[in-house]
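fold the following for me, if possible:
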Amino acid sequence: MRDSPRRVLLLTTPSSYRTQAFLQAAERLHIETLVVEDTPEFLRATWHSPFAVDFSKLDEAVDALIALTREFPVRAIVPVDDAGTVLAALVASRVGLPSNDPDAALAARDKWVMRQRFAAAAVPAPIARAFPALADLPEIVSHVTFPCVVKPTRLSGSRGVIRADDPEQLAQAVERVRQILASDGLDLANALILVEQFVPGFEVAVEGLLTNGTLTVLAIFDKPDPLDGPFFEETIYVTPSRLPQNIQHAIAHTTEKAAKALGLRTGPIHAELRVNERGPWVIEIAGRSIGGLCSRILEFGTGMTLEELILAHAVGDPLPTLVRRDGAAGVMMIPIPGRGILKAVDGIDAARAVPGIVDVEITAKRNHRIVPLPEGASYLGFIFARGETPDAVEAALRLAHSRLAIRIVPEVPLQPVLQ
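Below is the predicted model:
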């Protein structure tokens, strides 16, 4: 690997928040990048990308990327988002590059496979059952205890995740998830829907880096807003965690146990856990780093970004200290308050003026359609803050958010053209 050029293959999507951060990190580390974007066949003619591959056609994508790495040898294949994790593992294993086993990458991508591996390894996690997407509702209800959570097996970002407290709500949730899957072009006859127990508790996120199966925890984020449903839209992340040290140690231990249960051994992970009187419960663990623009609040050593850390680890560079920058930091993923056409977000300057606020970035586009969870797949934008304490950071984020005024107008339905 060290004899090959300092070059990595980045697998990303055209809509990814993360690509630019990885490209900037690669430039600072003097690492060359080949960017491959997940692009369906019908978009190839109009999408201006040097390398475009349809990730959903896995066998064809693997062959195309193997051919690409033969022409342009790389030291590592780095997936930016969930969409590329399995593909990256398959290609890397075929060309002899360090990677997670493809089965492990799949287990971290498919929630039903994940649940089965957690159960086999006695990892504390919700008890779950998978049902055919078109299963009869009475059959599903007969196997479910309430409250429960309905979710697709492969969507990310809490999309399609819905709590149900009784059979009527379960029926509504299942139908809603079916519609979400169908809108993504999935064949419902071959799709699964997961139904699992609702685990109460305080939710945290763990950002970590695996080296030969050993986990280094880079950050534990508190999520101070309750996530009790009916939908599970994440808002505020704050680090360092305010939980007692013994609880944080238990979170780290449980996360490493979960990663081992899936077979993950190398690279970044992002885990979601809940903590209650029985300890930490693993909700999900992904074989990639934190999503959105949230990584901006993480700095290590003398200012190294999370993306620099991931790329340096991938190409085999020695890593500097993994200690985070002093102080507290946080981010708010600005929720979308309703469906419609975004006309404006007022009050951005006032929000930026709040002490402790580093920046406010609106990523949704004006005059474009926006959709909240559980159907939506994005946020309105992000608010970033730093301060001396987690409490101060959380307060700054809430105050800044209160100064924003979001203007949304209803969509106008298309009228039939009169002949």
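
quick one, domains of the chain?
Structural domains assigned to the chain are 7-107, 127-197, 330-409, following automatic domain parsing.

now the least confident helix or strand in the chain by mean pLDDT, how far from the chain's geometric center?
Of all helical and strand segments in the chain, the minimum by mean pLDDT, DSSP states H and E falls on strand 51-53, at a mean of 86. Relative to its parent chain, strand 51-53 has a centroid offset of 22 Å by C-alpha atoms, centre = their mean, to the nearest Å.

go on, stretch 281-298?
5 Å.

what do you get for stretch 328-337?
With C-alpha atoms, centre = their mean, you get 14 Å for stretch 328-337.

avg pLDDT for that stretch?
Averaging pLDDT along stretch 328-337 gives 96.

can I get the domains of the chain in TSV with mean neighbour count?
All C-beta atoms are positioned from the backbone trio N, CA, C, and that covers glycine. Converted to TSV, the domains of the chain look like this (neighbours: other C-beta atoms under 10 Å):
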stretch	mean neighbour count
domain 7-107	19
domain 127-197	17
domain 330-409	18
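
nearest residue to the residue nearest the centre of the chain other than its sequence neighbours?
Nearest to the mean C-alpha position of the chain, by C-alpha atoms, centre = their mean, lies Gly291 at 4.4 Å. Closest residue to Gly291 apart from its sequence neighbours, by C-beta to C-beta, 6 or more residues apart in numbering: Gly157 at 6.4 Å.

where does that neighbour fall, secondary structure wise?
Assigned by DSSP states H and E, Gly157 falls within no helix or strand.

which stretches of the stretch 101-250 of the chain form helices?
With helices called from DSSP state H, counting those that start in this stretch, the stretch 101-250 of the chain shows them at 102-107, 111-120, 137-141, 167-183, 245-262.

please identify which of the ones you listed is closest to Asp391.
helix 245-262 (16.9 Å; C-beta to C-beta).

residues making contact with the least confident helix or strand of the chain?
34-39, 43-44, 60-61, 64-65, 68 (C-beta atoms under 8 Å, 6 or more residues apart in numbering).

between those residues, which sits nearest Asn276?
Asp38 (37.5 Å).

need the phi and psi values for the nearest residue to the closest one once chain neighbours are set aside.
Take Asp38 and drop its neighbours on the chain: the residue closest to it by C-beta to C-beta, 6+ apart is Phe55, 4.1 Å away. Phe55 has phi and psi values of phi -60, psi -30 when expressed as degrees, to the nearest 10.

shouldn't Phe55 be in contact with Leu90?
No. Counting by C-beta atoms under 8 Å, Phe55 stays clear of Leu90, with 10.7 Å between them.

neighbouring strands - and their directions - for the least confident helix or strand of the chain?
strand 32-38 (parallel) (DSSP bridges).

need the CA coordinates for stretch 197-207. PDB is fine.
C-alpha atoms of stretch 197-207 as PDB (Å, rounded to 0.1, in the frame of the first residue of the first chain):
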ATOM      1  CA  GLN A 197     -39.400  -2.400  20.900                       C
ATOM      2  CA  PHE A 198     -39.200   1.300  21.900                       C
ATOM      3  CA  VAL A 199     -36.300   1.800  24.300                       C
ATOM      4  CA  PRO A 200     -36.800   4.900  26.600                       C
ATOM      5  CA  GLY A 201     -33.900   6.900  27.800                       C
ATOM      6  CA  PHE A 202     -31.400   9.700  27.100                       C
ATOM      7  CA  GLU A 203     -29.900   9.500  23.700                       C
ATOM      8  CA  VAL A 204     -26.200  10.000  22.800                       C
ATOM      9  CA  ALA A 205     -24.100   9.700  19.700                       C
ATOM     10  CA  VAL A 206     -20.600   8.300  19.600                       C
ATOM     11  CA  GLU A 207     -17.900   9.200  17.100                       C
END
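
may I see the buried residues of that stretch?
Gln197, Phe198, Val199, Gly201, Phe202, Glu203, Val204, Ala205, Val206, Glu207 (16 or more other C-beta atoms under 10 Å).

closest to Thr302 out of those residues?
The closest of these, once distances to Thr302 are taken by C-beta to C-beta, is Glu207, at 19.1 Å.

separation between the closest one and Thr255?
Glu207 sits 10 Å away from Thr255, taking C-beta to C-beta, to the nearest Å as the criterion.

which neighbours do the two share?
Val217, Ile269.

how about low-confidence regions in this structure?
For the chain, residues meeting the criterion pLDDT under 70 lie at 1-4, 41-50, 413-419.

chain center to stretch 103-117, what's the gap?
So, by C-alpha atoms, centre = their mean, the centroid of stretch 103-117 is 15 Å from its chain's centroid.

ugh, typo on my part, it should be stretch 388-400
Distance, centroid of stretch 388-400 to centroid of chain: 23 Å (C-alpha atoms, centre = their mean).
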